[in-house]
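Enquirer: Next one to model:
(chains A and B)
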Amino acid sequence: MAKHEEITRMLFNVIDELNEIRPAEEHLEKNLATPLTGDSGRLDSAGLINLIVLTEQKTAEELGRPILLTDDRTLSQVKEVFATLGTLAEYIQRLLSEKRDG
Amino acid sequence: MDKQQHTCVLVSDFNLQNFSGYLTNDPEFPRIHAITSPFGQTVSTLLRSDAPCWQNTPDVAVVWTQPQAVIADFNALLRYEQVRLQQVLQQVDEYSALLVNMSERVKYAFVPSWVLPSYRSVFGVLDMKTEIGLTNTIMRMNLRLAENLEKASNIYVLNTHKWIEQAGNHAFNPKLWYLGKIVFGHEVFKAAVRDIKAALGGMLGLARKLIILDLDDTLWGGIVGDVGWENLVLGGHHHLGEAYVDFQQALKSMKNRGILLAIASKNEESVALEAIRKHPEMVLKLEDFAGWRINWQDKAQNVADLMAELNLGPQSAVFIDDTPAERARINESLPEVLVPDWPEDPLLYPSALLSLGCFEMPSLSREDLVRTTLYLSENKRQALKKTVGSVEEWLSRLSLRVQVEELHPANMQRVAQLLNKTNQMNLSTRRLPEAELMAWAENKHHRLWTLRVSDKFGDAGLTGIVSLDIQDQNAQIVDFILSCRVMGRKIEEAMLAIAIDHAREAGVKDVYARYIRTSKNKPCLDFFQSLASRFQQRGDRFIHDSKTPFAVPKHIELVQ
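Expert: Next comes the predicted model:
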């Protein structure tokens, strides 16, 4: 199973790519506490879509296993999953461990 | 370097927010500030010059559409309804007319060609059938679009397929479409940004014009001084030899498009030149090089000497060398020279050269095609200069002839190129696309002359522009542009004579030139300051009393 550090590194690569299309003053910090959505979050809907797509892409490329972040299960708990980079990392770890168990 | 930020309007039927981000954030010059018009309103945005996005005179527009969104019958074809090709092409004509109309609001417009995601081509064997196949139809639509848009000199159709190929598996992502109405993946947008910025750079005169090459392990494999020219790795049935030949062929194709080639190599000159002359697989011949420095001196000094000889600044040059230490030396001492990281593997040389993206030219003139010949003629001129006693004697023996013409459609492309590329002998560094330049020249207060320069060594082609704006009692020299290839032969004075002669005929009191300083046009200031007895300097203005005639230098035959 992918270690938490590997997931974190992968997510930081996602943040690097996201920042390429964001204005400098709206760059996201590579920090697990960085808020993504919600009141203090910095992502609008387009930003969230890009985060989802890039995260799916990089999980497959860098961690070797695909995950799905556009299913009902994920989208019904968007605020919780995408609250911070850290909550997203934990969710990905859970998805990957479920895949392995299954 | 072009420090200005260029405003670019993005028009599309789909979400271009990601593209806009890449375009605005890309740190390379020229810098672009993208304004995205509301997506899905393509036709109305193109039609309405009063739409908010067109206010504040944007410089550039990118109109990127899906074919089914703007060509109704193609949308019907997507549903496999029967449509007539002629009808589809007529709609392409109508759409092209909208683009031509829009192009008047900007200096440059880019239109990425139409593509269809590969998963839309369901019926493979019918895909290339006329009037049935989607790919067949879209290819015809793109060709028709390109033909139609050739009428507008400032619209460029770009090849979207190239970007899709570069993006590979990430070219399309249905999730981006269904969640965000974003047609293409991030990699496609990044590739598009690279091409659009390279093209815009070319239009703004930022394209590189000179490639300075090392020899050993760069143009051929092996050290010629050690192994002899007979044993170099070049051509033959050898994968590396073939790669070196392909690299030389790529360089030759660049040379045929007007890019100058030169050599800077640490070698014995006689040994290296013998290899170039005698090796049967050399694609590049000695006459393909505008100059060379083959010796054991410091390479940075050799590169600087070559640029001085060719009258080109470091911002015009690219340096290619397989040795990291030599690249570092040039990077350190001549930071404006582009020194690309060069692959260790010679098999990657051809693709490394072709992907540099710094040679874009918005048009191709006769002068571009024969540029190396022009420089070789210049070498002969300079050789003559060394044999005579004075500059005056040298000039008198050149048999200089200057043919003066007004602006007309046949010379417009070259005039626009000269206006937009010349940096050194350029009074105002005014940059205008063809249509705007023609409109300016047609104003009753304006006159613009072009100069073709030739001498007994060759024809330098159209290399000068001088223009006047006559208002009441004053005539302003607006453009005063001379290619660096013919500077220093007193053509500059002939240009002033033409303008002043016309101003005198128009009965004006003063003729003045307003010098607008850039980082590169000091030669123009030096020239006007050298005329202190005939042009009085007041601040940034140089004023000539038109009561006094201004003669054409005696060594120049002026043909009007």
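
Enquirer: Grab the nearest non-local neighbour of the closest residue to chain A within the stretch 201-350 of chain B.
Expert: Taking CB to the nearest CB, chain A has its nearest neighbour within the stretch 201-350 of chain B at B:Gly201, 19.9 Å off. C-beta here means a position set from N, CA and C on the backbone, and glycine is covered the same way. Spatial nearest neighbour of B:Gly201, excluding adjacent residues (CB to CB, 6 or more residues apart in numbering or on different chains): B:Pro30 at 5.7 Å.

Enquirer: For that neighbour, list the residues it contacts.
Expert: Residues counted as contacts of B:Pro30 (CB atoms under 8 Å, 6 or more residues apart in numbering or on different chains) are B:Asp2, B:Gln4, B:His6, B:Lys197, B:Leu200, B:Gly201, B:Leu204, B:Leu206.

Enquirer: Now the fifth one: which helix or strand?
Expert: B:Leu200 belongs to helix B:186-203 when elements are defined using DSSP states H and E.

Enquirer: what's the next helix or strand after that helix packed up against?
Expert: In the C-terminal direction, the helix or strand that comes right after helix B:186-203 (DSSP H and E) is strand B:210-213. In terms of contacts (3 or more CB pairs under 8 Å, 6 or more residues apart in numbering or on different chains; DSSP states H and E), strand B:210-213 is packed against helix B:239-256, strand B:260-266, helix B:299-309, strand B:317-320.

Enquirer: just checking, what packs against the shortest one?
Expert: Same thing as strand B:317-320. With contacts defined as 3+ CB pairs under 8 Å, 6+ apart, the packing partners of strand B:317-320 are strand B:210-213, helix B:299-309.

Enquirer: Could you export it as PDB, keeping only the C-alpha atoms?
Expert: Taking C-alpha atoms only, strand B:317-320 is exported to PDB below (Å, rounded to 0.1, in the frame of the first residue of the first chain):
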ATOM      1  CA  ALA B 317      21.800  34.000 -31.400                       C
ATOM      2  CA  VAL B 318      21.500  30.300 -30.300                       C
ATOM      3  CA  PHE B 319      24.600  28.400 -29.300                       C
ATOM      4  CA  ILE B 320      24.700  24.600 -29.700                       C
END
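
Enquirer: Buried by neighbour count: which residues of the helix or strand just after it qualify?
Expert: Beyond strand B:317-320 on the C-terminal side, the first helix or strand identified by DSSP H and E is helix B:324-333. Neighbour counts over helix B:324-333 (16 or more other CB atoms under 10 Å in any protein chain shown) mark B:Glu326, B:Arg327, B:Arg329, B:Ile330 as buried.

Enquirer: For the first one, list the residues it contacts.
Expert: By CB under 8 Å, 6+ apart, B:Glu326 lies in contact with B:Asp214, B:Lys299.

Enquirer: Give me the pLDDT value at it.
Expert: The per-residue pLDDT reported for B:Glu326 equals 93.

Enquirer: what's the neighbour count on residue 24?
Expert: Answering for chain A, as no chain was given. Neighbourhood size, A:Ala24 [other CB atoms under 10 Å in any protein chain shown]: 8.

Enquirer: oops, I was thinking of chain B
Expert: Quick note: B:Thr24 (other CB under 10 Å) scores 20 neighbours.

Enquirer: That one and B:Val106, how far apart?
Expert: Using CB to CB, to the nearest Å, B:Thr24 is found at 17 Å from B:Val106.

Enquirer: Equivalent analysis for B:Lys299, please.
Expert: Shown here: B:Lys299 relative to B:Val106, a distance of 43 Å by CB to CB.

Enquirer: ok, the two, which is more surrounded?
Expert: Neighbour totals were compared for B:Lys299 and B:Val106, and B:Lys299 leads with 25 against 21 (other CB under 10 Å).
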